[in-house]
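Q: no FASTA, just this:
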């Protein structure tokens, strides 16, 4: 199936349970192969699973954003980062994952922060970069379990979402097959939903007792809406190893920090709508003059212009008055109204003024995305743009700090800096 390879099969064939022919139909999914898998590279596997769990939740957030945009009022999730409950060899892990850039993440776990970047190499194959270390990943998620190989070493890491069962997509709850107190086994049908005139059976990912039913029949639910909770059997999996330590991999990911670029990337990530703490950005900006002494001044000015252009390109999409301040003309619809109309149907820009399309293209370009890009990457970029706008007040102190530094040390005058300053003045003027 693409996620099982030679190393995994060899472990199964060498297992004493297999050699003694003392296995049953649930053996592969049981504790035997998990207990036999070594803990080598388990820290990397758990970090990869945490990132995978974050990406799943982020996709739910994007889907919910699209649903709200279709109703004319796009909404995005608040907060910074996502909690991802995981379980490995009976031990629970509670990482908080923050996305810092399109391909870069920070995972806070067991008192350590691990920074990682991912590189796609195929449908299931990726590379994870942790500072100077790099590992090959082969990953798949099925029934709440991450099957992850790190450099050929297999690991099975389960989700631990507190037993919450969620709607997989916008749908109507057709039938609730269980009630509070009911006993369910893994694979039992617990809810039937209907979407696009097709019914889907949602099955229990594990055995346990239904604790609470949150949904009602014949009601519409959105992607990720909690339907019910199951109290998982406590004797399914006991801890068979010590807790994994993440100190080594965390140290590896910070050794190569180039302080100046790291600070500037944090500011840019915040402006882009990623999971950057505004307080940490302001702290970094206070240190910037000292840590950026080695960066050539012209390079520093260009990077700061990148950030200022990003900022103004986003806010230009959300003006609510019918005055196009860049072209000094009165329009029938404001930029925000035009954006909201586009979000209802991103398949076409027909009927949108060329001036607005140009602004939208400039904003999307910061994410490496074009208007006619694949829906998945386009929706993600539009979600981040909206999230950036919702957090605009948090960004203002950082932008002001950059502007004050440019005023104190303007350097040689450039057309680019003059143009971006003029645009900021126009777009922020009431």
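A: Arrived safely. From a predicted model like this one, the values you see are computed outputs, not experimental measurements.
Q: what ranges do the strands span in the stretch 151-300 of the chain?
A: With strands called from DSSP state E, counting those that start in this stretch, the stretch 151-300 of the chain shows them at 153-159, 164-166, 171-176, 183-184, 189-195, 198-203, 208-213, 220-221, 226-232.
Q: Which one of those lies nearest to residue 48?
A: With CB to CB as the criterion, residue 48 lies closest to strand 153-159 of those, at 8.6 Å. Placement of C-beta: from N, CA and C, glycine included.
Q: Nearest to residue 335, out of the strands of the stretch 151-300 of the chain?
A: strand 220-221 (31.3 Å).
Q: Which neighbours in the sheet does the closest one have, and how are they oriented?
A: strand 171-176 (antiparallel) (DSSP bridges).
Q: Please point out which parts of the partner strand sit buried.
A: 171, 173, 176 (16 or more other CB atoms under 10 Å).
Q: Quick check: which of those residues has the minimum pLDDT.
A: Lowest pLDDT among the buried residues of strand 171-176: residue 171, with 87.
Q: doesn't residue 200 make contact with that one?
A: Yes: under the criterion of CB atoms under 8 Å, residue 171 makes contact with residue 200 at 7.3 Å.
Q: Per-residue confidence at residue 117, what does it come out as?
A: For residue 117, the model assigns a pLDDT of 91.
Q: what bridges to it?
A: Applying DSSP bridges to residue 117 gives these bridge partners: residue 104, residue 129.
Q: Run a quick neighbour tally on residue 264.
A: The number of residues packed near residue 264 is 22, by other CB atoms under 10 Å.
Q: On the pLDDT front, check it for me.
A: pLDDT, read off for residue 264, is 86.
Q: I'd like the next helix or strand past the worst-scoring helix or strand of the chain on mean pLDDT.
A: Across the helices and strands of the chain, mean confidence by mean pLDDT, DSSP states H and E is lowest for helix 31-36: a mean of 42. Heading C-terminal from helix 31-36, the first helix or strand you meet, by DSSP states H and E, is helix 42-70.
Q: Next, the buried residues of that following helix.
A: For helix 42-70, the neighbour count (16+ other CB under 10 Å) marks 42-55, 57-66, 68-69 as buried.
Q: circling back to that earlier point, residues that sit against both of residue 171 and residue 200, list them.
A: 193-194 (CB atoms under 8 Å, 6 or more residues apart in numbering).
Q: still on that earlier bit, nearest to residue 281, of the strands of the stretch 151-300 of the chain?
A: strand 153-159 (31.5 Å).
Q: what's in contact with stretch 423-430?
A: 308, 311-312, 315-316, 319, 325-326, 399, 403.
Q: how does it look with 10 Å?
A: Residues outside stretch 423-430 that contact it (CB atoms under 10 Å, 6 or more residues apart in numbering) are 308-309, 311-319, 321, 324-326, 328, 335, 396, 399, 403.
Q: Look up how far residue 420 lies from residue 405.
A: To residue 420, residue 405 is 14 Å away according to CB to CB, to the nearest Å.
Q: Those two: which is more packed in?
A: Taking neighbours as other CB under 10 Å, residue 405 and residue 420 compare with residue 420 leading, 22 against 16.
Q: The more buried one against residue 302, yeah?
A: No: using CB atoms under 10 Å, residue 420 is not in contact with residue 302; the gap is 11.1 Å.
Q: any shared contact partners between the two?
A: Taking CB under 10 Å, 6+ apart as the contact rule, the neighbours common to residue 420 and residue 302 are residue 414.
Q: average pLDDT across the host helix or strand of residue 400?
A: Using DSSP H and E, residue 400 sits in helix 392-408. The average of the pLDDT scores along helix 392-408 is 86.
Q: Which positions in the next helix or strand along the chain from that helix come out as buried?
A: Beyond helix 392-408 in the direction of the C-terminus, DSSP H and E gives the next helix or strand as helix 415-428. Within helix 415-428, the residues that count as buried by 16+ other CB under 10 Å are 417, 420-421, 423-424, 427.
Q: can you list these in CSV and add pLDDT and distance to residue 364?
A: Formatted as CSV, the buried residues of helix 415-428 follow (pLDDT from 0 to 100; distance: CB to CB, whole Å):
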residue, pLDDT, distance to residue 364
417, 83, 23
420, 87, 18
421, 87, 23
423, 87, 17
424, 87, 20
427, 81, 17
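Q: from those residues, which is closest to residue 386?
A: Using CB to CB, residue 427 comes nearest to residue 386 of the buried residues of helix 415-428, at 16.9 Å.
Q: What separation is there between the closest one and residue 395?
A: Distance from residue 427 to residue 395, counting by CB to CB: 13 Å.
Q: One more: residue 321?
A: Taken as CB to CB, the span from residue 321 to residue 395 is 21 Å.
Q: Which one of those two is surrounded by more residues?
A: A count of neighbours by other CB under 10 Å puts residue 395 above the other of residue 321 and residue 395, at 23 against 12.
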